[in-house]
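Student: here is the input, now give the coordinates:
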Amino acid sequence: MTRHAVVFGGPSPEHDISILTGLMAARTLVESGTEVRALYWTKTGDWYEVPVTSEAADFLQGVPRGSDELGFVAAPGAGWVAEGRLGKPKPLGVEAVLNACHGGPGEDGALQAAFDLAGIRSSGPATWAASLAMDKLAFGAVMETAGLPTLPRRPIDQAVVPDFDGPYIAKPRFGGSSIGIEVVDDHATALALAASSPHYTAGGVLEPYLDGADDLNVSIRTWPELQISPIERPLRGGALYDYKEKYLSGGGLEGSRRELPANIAEETAERIRDLATTVARLTGTRGVARLDFLWTGEDLYVNEINNPPGSLSHYLWAEAGVTTPELVRGLLEEAERGRGPGWTAVGADGTALRDAGSIAAKLG
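Tutor: Numbers count the residues shown, from 1 in each chain. Reported below is the predicted structural model:
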């Protein structure tokens, strides 16, 4: 029985990128001697076990040939199930997973919660930490409350006029680090964007647009110990480092144009490493996450964190001498060591039930 799996795909705008990450992780594990299942989550929420040797092109028309349909039961001892004899569901027996689902419910805590309910250990953060990282408004509020340098963020709402001048960066409140992000001149344009774009159905945020500011990115790795990667400066072609430039040019994120390591003063680099360590502690970072900063040449701001899987940031860790097999195996090893789901029934001793009286009396 294969106890390990890589899960990827999911109902998210980043579905295709997730397939690439998942196939890369699964192939890396197999080639390094770790037996894993490849579990594909479709855009409509169905599950399939696909051949570990699948290629990206196999998914262009949907589920690859040779795949087996699965169900998922969020109950202890269950998880993924296949149809057994006489039609009775048979658990696959997966105990630990490497989560390679980008964006949406694969990254915002929903899938992590399902894993917890099924007793499956997974890579990446706990449910609450995943939700915090995906919520740009909440993440910014935590940074501001902790006194870390960050730009002010306000919800895109008719009743909330920003207390800082435009132009603004408009971002979907929930989602990846680059999809749906635009520069807008004023509040009215932001409201129109939020009303028309499918990426803003769950809300949006505004922050000041810093013309000429650079992105500086670093990766945080928590296994076998907390480590901070070399710092990169993406070389963008426009006002924003958008989804197309980040993921679709140069053969993917690892092929995008960048300065690595970034040509910055050691004082700035040390400040970034210190801030990254603090952010990791405050936000419950676990696994391999990417933390993005904005830098004006003088001022440095914590921008947002991209939780696992992100891109797995293997190109950043390669600069530090960590091979892709080491990085991927580390994620699975950390998942195996596990963490509890974070809840307990301690205190539910029946006292409230004994003292309750009748339900009819409570209804008045």
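
Student: remind me which residues of the stretch 251-364 of the chain are low pLDDT?
Tutor: Under the criterion pLDDT under 70, the flagged ranges of the stretch 251-364 of the chain are 251-255, 309-311, 364.

Student: can you map out the helices along the stretch 201-350 of the chain?
Tutor: Using DSSP state H, counting those that start in this stretch, the helices of the stretch 201-350 of the chain run over 243, 266-283, 314-319, 324-337.

Student: so which of these comes closest to Pro167?
Tutor: Smallest distance to Pro167 across these (C-beta to C-beta): 20.1 Å, for helix 243. Any C-beta I mention is one placed from the backbone N, CA and C, and that applies to glycine too.

Student: now do the domain split for this structure, please.
Tutor: 4-122, 125-150+210-333, 152-209 (automatic domain parsing).

Student: for these, which one sits closest to Arg339?
Tutor: Smallest distance to Arg339 across these (C-beta to C-beta): 6.5 Å, for domain 125-150+210-333.

Student: nearest to Thr28, of the helices of the stretch 201-350 of the chain?
Tutor: So among the helices of the stretch 201-350 of the chain, helix 324-337 is nearest, using C-beta to C-beta, at 4.7 Å.

Student: give the next helix or strand downstream of the closest one.
Tutor: helix 351-354 (DSSP states H and E).

Student: which residues sit against that next one?
Tutor: Outside helix 351-354, not one residue touches it by C-beta atoms under 8 Å, 6 or more residues apart in numbering.

Student: for it, the distance to its chain's centre please.
Tutor: 41 Å (C-alpha atoms, centre = their mean, to the nearest Å).

Student: give me the secondary structure label for Arg65.
Tutor: When classified by DSSP: H, G, I helix; E, B strand; the rest coil, Arg65 comes out as coil.

Student: can you pull the contacts of it?
Tutor: Contact analysis of Arg65 by C-beta under 8 Å, 6+ apart lists Asp58.

Student: now the one 4 residues further on
Tutor: Residues in contact with Glu69 (C-beta under 8 Å, 6+ apart) are 46-48, 82-83.

Student: mind redoing it with 7 Å?
Tutor: When the contact criterion is C-beta atoms under 7 Å, 6 or more residues apart in numbering, the partners of Glu69 are Tyr48.

Student: ok, now Phe115?
Tutor: By C-beta under 7 Å, 6+ apart, the contact list for Phe115 reads 97, 122.

Student: quick check: phi and psi on it?
Tutor: The phi/psi pair for Phe115 (degrees, to the nearest 10) reads phi -60, psi -40.

Student: now do it against Tyr200, distance only.
Tutor: With distances taken as C-beta to C-beta, to the nearest Å, Phe115 is found 29 Å from Tyr200.

Student: give me the three-state assignment for Ala82.
Tutor: Applying three-state DSSP: Ala82 is strand.
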